[in-house]
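Trainee: A structural model of the following input is requested.
(one chain, ligands or ions: 1)
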Amino acid sequence: MTADSGLDGFVLTRMAAAKINLALHVVGQRADGHHLLESLVTFADAGDRIGISPDTDDRFTVSGPFAEDVPLSGDNLVLRARDLLRRHQTEHGAEAPPVHIHLEKNLPVASGIGGGSADAAATLQGLMALWKADPGADERLAMALKLGADVPMCLDGRPLISSGIGETLAALKTFPAFPMLLVNPRRAVSTPVIFRTLVNKTNSPMPSLDDARTTLEWLNAMQAMRNDLEPPARALEPSIAAVSAALSDTGPRLVRMSGSGATCFALYATDAERDAAAVRLSQRHPGWYVLACHSAAGGTNDSQG
Ligand code: ATP
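Mentor: Numbers count the residues shown, from 1 in each chain. Model (predicted):
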């Protein structure tokens, strides 16, 4: 299983929670090629884990079930986040001493649940704490966007609606937590390839969610939404249809693909129903990645800073 011991003794550890696009509408494309999206997003209470400690030299180590799928070089989003924050510190005459960062890679890579973005966000947060760095809200957002469109939402970590190219975030005042299953057929899907094969780039926006309060109202609202990346992803990766159908067979309240796939999620009424579904799917499809978890509840009155 997971090499948990990889994080023993680190000065600071953080969870890099899986991001779930409960709905994702592609509503336009900017002249520079960036897609304009509207997405209802929540986070799982599970994900990768990051450990950080001061060291005499910079070091980066990786463990976990998907360790071999991530680059160990400067391309890793963990290292890009470290280097970006260090540059900011240096430019402001502040300290950014060497660190050992360990990544426990528990989430499948290129799977639509934002593992790399979550790792980058957790690294930024961890190093901001360790280096006592306070770039301010605008600079923090700029740094996050430089690392990826999903990094700002991962920095926030609460159920929210994102729009634009990922820079506009509105936290949800009420949002229910759901027993949730994440299932991935262990087939990597490239986000840029899915966007390239997307034909209609000006789909209808998400409906207003202002009136949704109860769990039932949220479920009804989510049923009326969609993931515009699901049709091109299914065309490219046929196993997504199999995952979605298998999840639908387990009696969930909602099934949909997250991000650009191939991970699909299902929301359940109870933990017991979710757990029974997890056992059934793992037995029938031993090659699939199956994660039983909960989605985060909303409920703060803050808006994103
Ligand atoms: P999204 O849902 O935001 O589209 P994803 O889950 O589809 O993301 P990631 O797992 O974040 O995709 O990986 C996308 C690419 O980023 C991969 O090709 C991978 O090589 C690269 N990458 C760099 N650093 C990491 C990291 N720490 N974890 C995962 N992938 C990383």
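
Trainee: so where's the protein uncertain?
Mentor: Per-residue confidence for the chain (pLDDT under 70) gives these ranges: 1-5, 300-305.

Trainee: where is the longest strand in it?
Mentor: In the chain, taking DSSP state E as the definition, the longest strand is strand 35-54.

Trainee: okay, buried residues for that strand please.
Mentor: For strand 35-54, the buried set under the neighbour-count rule, 16 or more other Cβ atoms under 10 Å, comprises 35-44, 46-52. Quick note: C-beta positions are derived from backbone N, CA and C, even for glycine.

Trainee: export it as PDB, just CAs?
Mentor: Extracted C-alpha coordinates of strand 35-54, given in PDB (Å, rounded to 0.1, in the frame of the first residue of the first chain):
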ATOM      1  CA  HIS A  35     -10.800  28.400 -22.600                       C
ATOM      2  CA  LEU A  36     -13.400  30.200 -20.500                       C
ATOM      3  CA  LEU A  37     -15.100  27.800 -18.100                       C
ATOM      4  CA  GLU A  38     -17.800  27.800 -15.500                       C
ATOM      5  CA  SER A  39     -17.400  25.000 -13.000                       C
ATOM      6  CA  LEU A  40     -19.000  23.800  -9.700                       C
ATOM      7  CA  VAL A  41     -16.100  22.400  -7.800                       C
ATOM      8  CA  THR A  42     -15.700  20.500  -4.500                       C
ATOM      9  CA  PHE A  43     -12.800  18.600  -2.900                       C
ATOM     10  CA  ALA A  44     -12.400  15.100  -1.500                       C
ATOM     11  CA  ASP A  45     -11.200  14.400   2.000                       C
ATOM     12  CA  ALA A  46      -8.400  12.400   0.400                       C
ATOM     13  CA  GLY A  47      -5.500  13.100  -1.900                       C
ATOM     14  CA  ASP A  48      -1.800  13.300  -2.200                       C
ATOM     15  CA  ARG A  49       0.300  14.400   0.800                       C
ATOM     16  CA  ILE A  50       3.300  16.700   1.000                       C
ATOM     17  CA  GLY A  51       5.900  16.900   3.600                       C
ATOM     18  CA  ILE A  52       8.400  19.800   4.000                       C
ATOM     19  CA  SER A  53      11.400  20.200   6.200                       C
ATOM     20  CA  PRO A  54      14.400  22.600   6.100                       C
END
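
Trainee: quick check: closest non-adjacent residue to the residue of the chain found nearest the ligand.
Mentor: Here the chain gets closest to the ligand at one residue, Gly116, 2.7 Å apart by Cβ to the nearest ligand atom. Spatially, and ignoring its direct neighbours in sequence, Gly116 is nearest to Leu77 (4.4 Å; Cβ to Cβ, 6 or more residues apart in numbering).
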